[in-house]
Structure formats: C-alpha cells, structure tokens
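> Can you look at this prediction? I've put the sequence above it.
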Amino acid sequence: GVGVAMGNAIPELKAVAQFVTSANTEDGVARAIEKFVLNA
C-alpha cells in the first residue's frame, strides 16, 4: 500500500506519508484514487 496524506493534514503526518495529495476540500481523495488505482 501507499501512505497518502491530505494536503491539509498536520505537518507530522505529511512528513511520514509517501505521497501528499490535495486538501480534502480540493478533491484530494479523488486525485489519489486516480493516481494510484485508476492509473495502476
């Protein structure tokens, strides 16, 4: 799996994530799904 953090997550979480996507208010989940699931 891939550790994905939202763009508006706390800095400590983003520091350990493998990928930081957009904020949840900017369709971050959809962008992560597109990148890691639909384009896999």
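Looks like it arrived, so ask away.
> what about the helices in the chain?
11-16, 28-33 (DSSP state H).
> Check the offset of the first one from the chain's centre.
In terms of Cα atoms, centre = their mean, to the nearest Å, the centre of helix 11-16 is set 11 Å apart from its chain centre.
> ok, back up a step: deepest-packed of the helices of the chain, please.
Between the helices of the chain, helix 28-33 has the highest mean count of neighbours, a mean of 15, where neighbours are mean count of other Cβ atoms under 10 Å. (C-beta placed from N, C-alpha, C; glycine too.)
> Averaged pLDDT, that helix. What do you get?
Per-residue confidence for helix 28-33 averages out to 96 on the pLDDT scale.
> quick one on the thing from earlier: please dump the helices of the chain into TSV; it should also carry distance to residue 39 for every row.
As requested, the helices of the chain are exported to TSV (distance: least, Cβ to Cβ, whole Å):
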stretch	distance to residue 39
helix 11-16	22
helix 28-33	10
